[in-house]
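Asker: With the input below, show me the fold.
(chains A, B, C and D)
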Protein chains: 2
Amino acid sequence: MTVTLADVAARAQVSPATVSRVLNGNYPVAASTRERVLRAVDELDYVLNGPASALAAATSDLVGILVNDIADPFFGIMAGAIQSEIGGPGGRAGGERLAVVCNTGGSPERELTYLTLLQRQRAAAVVLTGGAVENAPHAAAVAAKLRKLGDAGTRVVLCGRPPAPDTEAIALTFDNRGGGRELTEHLIGLGHRRLGYIAGPEERTTTRHRLEGHRDALAAHGIEEDPRWTVYGRYDRRSGYEATLELLRRDPSLTAVVAANDSVALGACAALRDSGLRIPDDVSVAGFDDLPFSIDAVPALTTVRLPLAEAGARAGRIAMGREEPPPGGIATIRGELMVRGSSGVPRG
Amino acid sequence: MTVTLADVAARAQVSPATVSRVLNGNYPVAASTRERVLRAVDELDYVLNGPASALAAATSDLVGILVNDIADPFFGIMAGAIQSEIGGPGGRAGGERLAVVCNTGGSPERELTYLTLLQRQRAAAVVLTGGAVENAPHAAAVAAKLRKLGDAGTRVVLCGRPPAPDTEAIALTFDNRGGGRELTEHLIGLGHRRLGYIAGPEERTTTRHRLEGHRDALAAHGIEEDPRWTVYGRYDRRSGYEATLELLRRDPSLTAVVAANDSVALGACAALRDSGLRIPDDVSVAGFDDLPFSIDAVPALTTVRLPLAEAGARAGRIAMGREEPPPGGIATIRGELMVRGSSGVPRG
DNA sequence: AGCCGTACAGCAAGCGCTTTCTATCACGTC
DNA sequence: GACGTGATAGAAAGCGCTTGCTGTACGGCT
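Answerer: Now for the predicted structure:
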């Protein structure tokens, strides 16, 4: 069978308690004893039994990270940053933590199920990334779960997600609205007056906030919006391609297309090119997030940079209790407008 | 405190054993009893204690996924596919499994540490993705770990990684060599004779195999390779950019640049453009992997498509014991040459 | 010399669940 | 009508570790 603590204890001629204390380093043990134990551990190739340890100590070294789509660098970057901070291998000694990355696929049920699974594992902390689904019952269910997690001692951090009311969850929110406004203002400043907007999925906070920012900008400049100028889709390239075609069909006189994110913007670029339109000469395009590939688009994408890695790292530190939560438990993280080649003055 | 099995049992007026059996559904329980238990579970909002359960049953519902870089879609896509198959939420009932995605950052030590951590958690299965580090001591250490994991009942699957000798690990290997050969043959077929190659990090199986494929093709066509034509870098865009500049400096007469992967190729494109060269008129470019964004490059990238999602899904199923391992425990997955706009006949 | 504080080490009681083995009960069966 | 039989339910023994509490020995103190 596998080697147990008792085996190590026997070999080192000490009690199991002592071995445990050597391993955890939270109790004085004479240097000579420690060494003997360590040698035994080594010789027997002993590996602690995680579940047993978690049960006895009533703590776990698992940290949950919920993402909407792990194949999307937007989440991958955040997840990577979080993980690097929660002190898995490479982090400071002692706190060897395992990140559990859960892919919800944007589905509310899965989100809830994963939360339950993490609760079951008695996770040390949980970080929820990305926008939330805007649906009262679901939001309430999630809030309830988060409360329960919090009560059980699990630290809960929201990264790139709006605060969850009635919850102790710390929130690091992206200023999607402000970013959206700035972006559209930039385009308006260039002279655009007829702007198409490709939104993300409905019932998502991120989608709504970015769109609201866009509309705020339009309103602030007295531009009346044509309902035909907004199309909803998903956060992927394909969606951007199709939505752009639809936009062009509805109003061929558009001079700019603002996309919900960079992937969508790339799809939009492809659709425009396939339609024989030049960027930005005929139509300007703007994205959101500034993912690494955005600068490689031709022309490079005008977008709003979100400090994904920084936010993730901070969320990770807060989750580990290594950084003070922001005052009030809420911090708003601003994006930065990146003006690049895909936006220019409108034709004509 | 938190609700325990005993609380539920008391409320349902049955023994803890019965509650456990209802929850696990692996033992006959009268319908009426079951219902009573289920109601109690619901009313008390009971959540099983994972560690306790794992300890008693000597099994765990954790599945580890090791990736080199979670922010890279190459790994994100595989991880997502694996996860969707290991039956987390959304999968078939009963087997609610949690995926533990571990980001090694390509570091051998971290790889080993994570493996130990997973062993400690008594993971049900472990999937290692991506190329392996080619370093005898490390390879031996990993093999030893994998063997130990296997002995402990953890199923081990390698996805996109060469087989690990002396190990029971199932391997789903990408035919990097064949893909590399095909790609270069395509370029040679177009008339290229002076091809630069931007390789990945040294001491990596993926790097070596792709490069060997490239050289095989050159050799097969009697093209003598100039050592100046190969530059090693990392698997990212930045690296591709710099390496291309270096390549151009060493031999401005190159007519094609073959990159270790798509991100590198994108960087190469940027460098070429910044150097005033047109693609493919002046220089052809080729990538590898065919990640989603590759088709959006301008011109679209000629590359080798790897069925990442399919491979990941299959690895996931094998890890869960839901699919027969390939004969001999090894399967080679071929890539498909995707000829697109970034490659053309050489100038002059 | 006698006492006590300090520094270690061990005992043993769980942590919350699973599972084997042992009742119990209601039926048919011969 | 005694007894085998199948279907359920419970008792209890752990799973391997942590930790509060209880020794024990040694050195310094008065």
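
Asker: pretty sure residue A:139 is touching residue A:132, no?
Answerer: Yes: using C-beta atoms under 8 Å, residue A:139 is in contact with residue A:132, at 6.8 Å. For the C-beta atoms, the positions are set from N, CA and C on the backbone; glycine is no exception.

Asker: what sits in contact with each of these two?
Answerer: residue A:164 (C-beta atoms under 8 Å, 6 or more residues apart in numbering or on different chains).

Asker: Same drill for the two, tell me which one is more crowded.
Answerer: residue A:132 (20 against 16; other C-beta atoms under 10 Å in any protein chain shown).

Asker: How about that one, nearest residue that isn't a chain neighbour?
Answerer: Leaving aside its sequence neighbours, residue A:132 sits nearest to residue A:205 (C-beta to C-beta, 6 or more residues apart in numbering or on different chains; 5.0 Å).

Asker: hey, what's the residue lying closest to residue A:202 once chain neighbours are set aside bridged with?
Answerer: Distances taken as C-beta to C-beta, 6+ apart place residue A:232 nearest to residue A:202, at 5.3 Å, with adjacent residues excluded. Using DSSP bridges, the bridge partners assigned to residue A:232 are residue A:199.

Asker: Enumerate every residue touching residue A:232.
Answerer: A:199-202, A:207, A:243 are the contacts of residue A:232 under C-beta under 8 Å, 6+ apart.

Asker: what does residue A:33 give?
Answerer: A:12, A:14, A:18, A:22.

Asker: Which of those residues fall in helices?
Answerer: A:12, A:18, A:22 (DSSP state H).

Asker: Now the last one. Nearest residue, chain neighbours left out?
Answerer: This points to residue A:22. residue A:37 (4.4 Å).

Asker: picking that back up, export the contacts of residue A:232 as JSON lines, with columns for distance to DNA strand D.
Answerer: Output for these, formatted as JSON lines (distance: C-beta to the nearest atom of the strand, whole Å):
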{"residue": "A:199", "distance to DNA strand D": "50"}
{"residue": "A:200", "distance to DNA strand D": "45"}
{"residue": "A:201", "distance to DNA strand D": "44"}
{"residue": "A:202", "distance to DNA strand D": "47"}
{"residue": "A:207", "distance to DNA strand D": "45"}
{"residue": "A:243", "distance to DNA strand D": "54"}
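
Asker: I'd say residue A:132 and residue A:140 touch.
Answerer: No: the criterion here is C-beta under 8 Å, and residue A:132 misses it with residue A:140 at 11.8 Å.

Asker: quick one: contacts for the most centrally placed residue in chain A?
Answerer: Taking C-alpha atoms, centre = their mean as the criterion, residue A:129 is the residue nearest the geometric centre of chain A, at 3.3 Å. The neighbours of residue A:129, taking C-beta under 8 Å, 6+ apart as the test, are A:65-68, A:75, A:78-79, A:82, A:158-161, A:312, A:315.

Asker: Okay, it and residue A:284: tell me how far apart.
Answerer: Counting by C-beta to C-beta, to the nearest Å, the gap from residue A:129 to residue A:284 is 30 Å.

Asker: now what about the lowest-mean-pLDDT helix or strand in chain A, what contacts it?
Answerer: Across the helices and strands of chain A, mean pLDDT, DSSP states H and E gives its lowest value to strand A:98-103, namely a mean of 91. Outside strand A:98-103, the residues within contact range by C-beta under 8 Å, 6+ apart are A:61-70, A:79, A:82-83, A:86, A:88, A:110, A:114, A:117-118, A:121, A:123, B:62, B:70, B:79-80, B:83-84, B:88, B:98-103, B:114, B:117-118, B:121.

Asker: So which of those sit within strands?
Answerer: A:62-67, B:62, B:98-103 (DSSP state E).

Asker: Intersect those residues with the contacts of DNA strand D.
Answerer: Residues of the ones in strands among the contacts of strand A:98-103 in contact with DNA strand D (C-beta under 7 Å from any atom of the strand): none.

Asker: ranges for the helices of the stretch 201-348 of chain A?
Answerer: A:205-220, A:237-250, A:262-274, A:308-319 (DSSP state H, counting those that start in this stretch).

Asker: any idea which of those is most buried?
Answerer: Comparing those by mean neighbour count (mean count of other C-beta atoms under 10 Å in any protein chain shown), helix A:262-274 comes out on top with a mean of 25.

Asker: what about residue A:127, which helix or strand?
Answerer: strand A:125-129 (DSSP states H and E).

Asker: pLDDT on that strand, on average?
Answerer: For strand A:125-129, mean pLDDT rounds to 97.

Asker: Could you check the angle that strand makes with strand A:98-103?
Answerer: 30 degrees (axes from the mean of the first three to the mean of the last three C-alpha atoms, to 10 degrees).

Asker: What strands flank strand A:125-129, and is each parallel or antiparallel?
Answerer: strand A:62-67 (parallel), strand A:155-159 (parallel).

Asker: That one to helix A:308-319, inter-axis angle?
Answerer: 150 degrees.

Asker: what element comes up after strand A:125-129 heading to the C-terminus?
Answerer: helix A:136-151.

Asker: what about that next one and DNA strand C, touching?
Answerer: No: Helix A:136-151 is not in contact with DNA strand C by C-beta under 7 Å from any atom of the strand; minimum separation 13.8 Å.

Asker: can I get the CA coordinates of that helix in PDB?
Answerer: C-alpha atoms of helix A:136-151 as PDB (Å, rounded to 0.1, in the frame of the first residue of the first chain):
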ATOM      1  CA  ALA A 136     -32.500  38.000 -11.000                       C
ATOM      2  CA  PRO A 137     -33.000  34.500  -9.800                       C
ATOM      3  CA  HIS A 138     -29.600  33.400 -10.900                       C
ATOM      4  CA  ALA A 139     -27.900  36.400  -9.400                       C
ATOM      5  CA  ALA A 140     -29.700  35.700  -6.100                       C
ATOM      6  CA  ALA A 141     -28.700  32.000  -6.200                       C
ATOM      7  CA  VAL A 142     -25.100  33.000  -6.800                       C
ATOM      8  CA  ALA A 143     -25.100  35.500  -4.100                       C
ATOM      9  CA  ALA A 144     -26.500  32.900  -1.700                       C
ATOM     10  CA  LYS A 145     -23.800  30.500  -2.600                       C
ATOM     11  CA  LEU A 146     -21.100  33.200  -2.200                       C
ATOM     12  CA  ARG A 147     -22.500  34.000   1.200                       C
ATOM     13  CA  LYS A 148     -22.400  30.400   2.200                       C
ATOM     14  CA  LEU A 149     -18.900  30.000   0.900                       C
ATOM     15  CA  GLY A 150     -17.900  33.100   2.800                       C
ATOM     16  CA  ASP A 151     -19.500  31.700   6.000                       C
END
